[in-house]
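Q: Let's see this in three dimensions:
(2 chains)
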Amino acid sequence: MANAQPLLSVRGVSKAFLGVSALENVDFTLKAGEVHALLGENGAGKSTLIKIITGAYRRDEGEVLLDGTPIYPRDVVDAQKLGIGTVYQEVNLLTNLTVAENLFLGRQPKRFGLTDVREMNRRSRAILDTYGLSIDVTAPLANFSVAIQQVVAIARAVDISGKVLVLDEPTASLDAHEVEMLFAVVRQLRERGMGIIFISHFLDQVYEIADTITVLRNGRLIDTVPVAGLDRLKLVSMMLGRQLEADFKRTIDPNTAKAEPLVSLRGLGKRGNIDPLDLDIRQGEVVGIAGLLGSGRTETAQLVFGIERADSGTISVAGTPVNMSSPRRAISQGFAFCPEDRKTDGIVGDLSVRENIIFALQAQRGWMRPLSRSEQEALADRYIAALDIRTSDREKPIKFLSGGNQQKVLLARWLATNPRFLILDEPTRGIDVGAHAEIIRLIVDLCERGMALLVISSELGELVGYSSRIIVLRDRKMVSELTGDEISTEHIMKAIASHGATGEAA
Amino acid sequence: MAVPTIVRERTPQIIVLAVILVLNAIISPGFFSIEIQNERLYGSLIDVLNRGAPVTLLAIGMTLVIATKGIDLSVGAVMAIVGAVAASLITSGYSLPATLAGALFVGLACGLWNGALVALLDIQPIIATLILMVAGRGIAQLITEGVILTFNDKPELIFVGSGSFLSLPMPVIIWIVVAILAILVVRRSALGLLIEAIGVNRRASTLSGVNSRVILLAVYAVSGLCAATAGVIAAADIKGADANNAGLWLEMDAILAVVIGGTSLLGGRFSLVGSLMGAMIIQSLNTGILLAGFPPEFNLIIKAAIILIILIVQSPASQAAMANVRANRQAVAIKSESREHAAR
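A: Modelled structure (predicted):
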């Protein structure tokens, strides 16, 4: 009667970090012999939920039942012993050890206190045989492709745990053939009666392998539905939220559309990052980029700002082709870029708010022409006031500020360089509601003062509100450009959901 | 206004230095006495300043390197190379200016080599500079052809090591001038800010338009130049170039001076003044141990023990513990007060 009882059942689980709620009252049920896809954009709570199930985090509230018994995994190892194994996108095995050593690391068969290599190799071959994989288990793991490494990682997880398998974006770095191979393994495990949680940003793959889908958004459960018969558009709108058409929609001066473009991209692309695309951005225009995570949005911005080198196409600024070889080159053209990952790419944590604000301007002037202390303080004070940056002191290290205020400091850093083209990657992610509205107002304001902006955002409602045009990316390709009346969340979602099978050539 | 801030920020170093100097004075009563002979100051304190010159110079370059989250293990070996170059140039009949220029040029080249490995090839600094640390003494031996190259008959170069100017020994003059130059350039330009930013977050700095590679190259080049200056002083002091022993282990003293001076090996905020005080603390220790007349085999052990104590006192764990004690004492005081109130 095991079927009556779910294999893994999460009930009313909540988790907060420093008072910010990451997961609120979420239910999740996994049956034996089921592939259950867990979907949601960044910050939806997927990884928090997974980490609670696999013991990396402790839940604040709610319960997790495995085979009907409540479990309280202390850590990942504890969860593995209980029967919950995980395989991550980046294979976390030791590629310098042999395949067999990786399978048995930490639990090697012993003989006279030493590892019994022969027994270990024999058992490894037996395990991999069940997956239809006959490889040399004594060879270093590094000799094999990422797909085979994934299968070895899965085999290890299943051998240790054997009830629930969590696959966290296992296909992100695999090609189509390798994905098929991995899916064959997953199907086999499903038939053996394991419960598999599958996380992926590739909707086609979810439709191919999953039986059930659970969608999270902003830490809340949106719905759990069977895959069969689920409309793609409905799924995308569940993931992104059925935002109401924003309150405001910027009125666009028809003359700007006729002006000469400030920045134009022609066939700009980089293999494996983003397929070649054409795009013009004029002064006084906000061009929005929409698309799911991993669709090539950030990659596009990185090409334009010279962080990554394009392998095809050109960038022209005011009609002159420019070799965008480095961020310095881009900045000298009057470009500015607020990155998505503020912590690693944006703030200089130990330095003060003042130093962070004057930073790009100082870098542009060079070390020989320092801004005097009073100039620095005047600039910092001006932007602290203008953008309403909440800090007790301009000398406070920026790492102690909240996310929204850090974002404003980064905006100030770039505005201080007086740019003519500003790229914003997820400018409103992870910041509080108040700061959110202020940043949107700022975007509109800058645009009206004649700046050209390129804004990447997952918040479709807000993107529709301020964009003059929106391009939609899917699977590293530009699939649609929306102008005028076409700009609406509905059109964006349609473009994102449109089936990948049509016109696949490259 | 500037002086009080420096004093406040460097209080631990000032206290440690003062304690060690006082201990030295207890061991050797004449420690603080300074007298003038032949228009030159003599005394143990002057000796500390003088003997500390090489480590002080190395610590200046090392501070900048460490602030970028790097390290330069090669400075001791660079001292040996530069000493050998200086000795062989002067004995081949080159003038003093030509000799000094050649020596500094070689130091600069060594620094640029390290910088290129770190900045252009992205090799981890500890490994990149280990290469020259190991190879450097070999290079120095090749230059001296395996012997200690002496220049007893070249007073102009010897003057750099043991001469005096304005009644101070030359090495003291040199390190003070280099230190002032370094502090002025770093703090009056934007270089200090950019170096600290690279040390905290190199990627964010590059994305904000900082030319991180050039700045990294520059700090290793400065470290090479400082090592070259130290190398010339060390060679001039013994009137010869000893490829095996010149600057031996001094990279460790320099790193220690930087750490004692309050600059974190994790990079970011740095203090040149702190490092100078760190170097002086180390030299006072060395001098004190010598004055105390311990058998030489104890010197290194005593030095290690005292440095261990300094580092334990400075460690985050004991800082936190002390903060705790202070907070508890306050809490106890408040409690007993309130109890007294209640009793009344």
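Q: What parts of the stretch 201-344 of chain B come near chain A?
A: B:201, B:203-211, B:215, B:268-269 (Cβ under 8 Å from any Cβ of the partner chain). All C-beta spots, glycine's among them, are computed from the backbone N, C-alpha and C.
Q: Need the nearest residue in space to residue 219, chain neighbours excluded.
A: Here I'm looking at chain A. A:G45 (4.2 Å; Cβ to Cβ, 6 or more residues apart in numbering or on different chains).
Q: looking at chain B here, not the other one
A: B:V219 sits nearest to B:L64 (Cβ to Cβ, 6+ apart), 4.3 Å away.
Q: What about A:R365, how many residues nearby?
A: When neighbours are counted by other Cβ atoms under 10 Å in any protein chain shown, A:R365 registers 15.
Q: pretty sure it is touching A:L371, no?
A: Yes - A:R365 is within contact range of A:L371, at 7.1 Å (criterion: Cβ atoms under 8 Å).
Q: what residues do those two have in common as contacts?
A: The contact sets of A:R365 and A:L371 overlap at B:A190 (Cβ atoms under 8 Å, 6 or more residues apart in numbering or on different chains).
Q: Quick check: pLDDT value at the residue nearest to A:G219.
A: At A:G45, the pLDDT value in this model is 83.
Q: show me the residues around it that make contact.
A: A:A22, A:L23, A:V26, A:L216, A:N218, A:G219, A:R220.
Q: Looking at these, which is nearest chain B?
A: Proximity of the contacts of A:G45 to chain B (Cβ to the nearest Cβ) peaks at A:A22, which lies at 24.9 Å.
Q: That closest one falls within a helix, correct?
A: No - A:A22: not assigned to a helix; according to DSSP: H, G, I helix; E, B strand; the rest coil it is strand.
Q: right, and it touches A:R220 too?
A: No - if you go by Cβ under 8 Å, A:A22 and A:R220 don't touch, sitting 10.7 Å apart.
Q: For those two, indicate the residue with more neighbours.
A: Set side by side, A:A22 and A:R220 show more neighbours around A:A22, with 21 against 15, by other Cβ under 10 Å.
Q: A:R232: which of the contacts of A:G45 is nearest?
A: A:L216 (18.1 Å; Cβ to Cβ).
Q: Could I get the phi/psi values of that closest one?
A: phi -110, psi 150 (degrees, to the nearest 10).
Q: give the contact list for it.
A: Per Cβ under 8 Å, 6+ apart, neighbours of A:L216: A:V26, A:L38, A:L39, A:G40, A:A44, A:G45, A:K46, A:L49, A:I222.
Q: so which of these comes closest to A:E438?
A: Distances from A:E438 to those, taken by Cβ to Cβ, are shortest for A:A44, at 24.1 Å.
Q: Let me see the contact set for A:R125.
A: A:S134, A:V137.
Q: er, A:D275 I mean
A: A:G269, A:G296, A:R476, A:K477, A:M478, A:A506.
Q: ok, 6 Å please
A: Contacts for A:D275 were tallied using Cβ atoms under 6 Å, 6 or more residues apart in numbering or on different chains; they are A:G269, A:R476, A:K477.
Q: most neighbours, which of those?
A: A:G269 (22 neighbours).
Q: After the lowest-mean-pLDDT helix or strand in chain B, which helix or strand is next?
A: Lowest mean confidence among the helices and strands of chain B (mean pLDDT, DSSP states H and E): helix B:2-9, at a mean of 67. Sequence-wise, the next helix or strand downstream of helix B:2-9 (DSSP states H and E) is helix B:11-27.
Q: what sits up against stretch A:473-483?
A: Contacts for stretch A:473-483 (Cβ under 6 Å, 6+ apart): A:274-275, A:277, A:291, A:295-297, A:469-472, A:491, A:495-496.
Q: Good, we can wrap up now.
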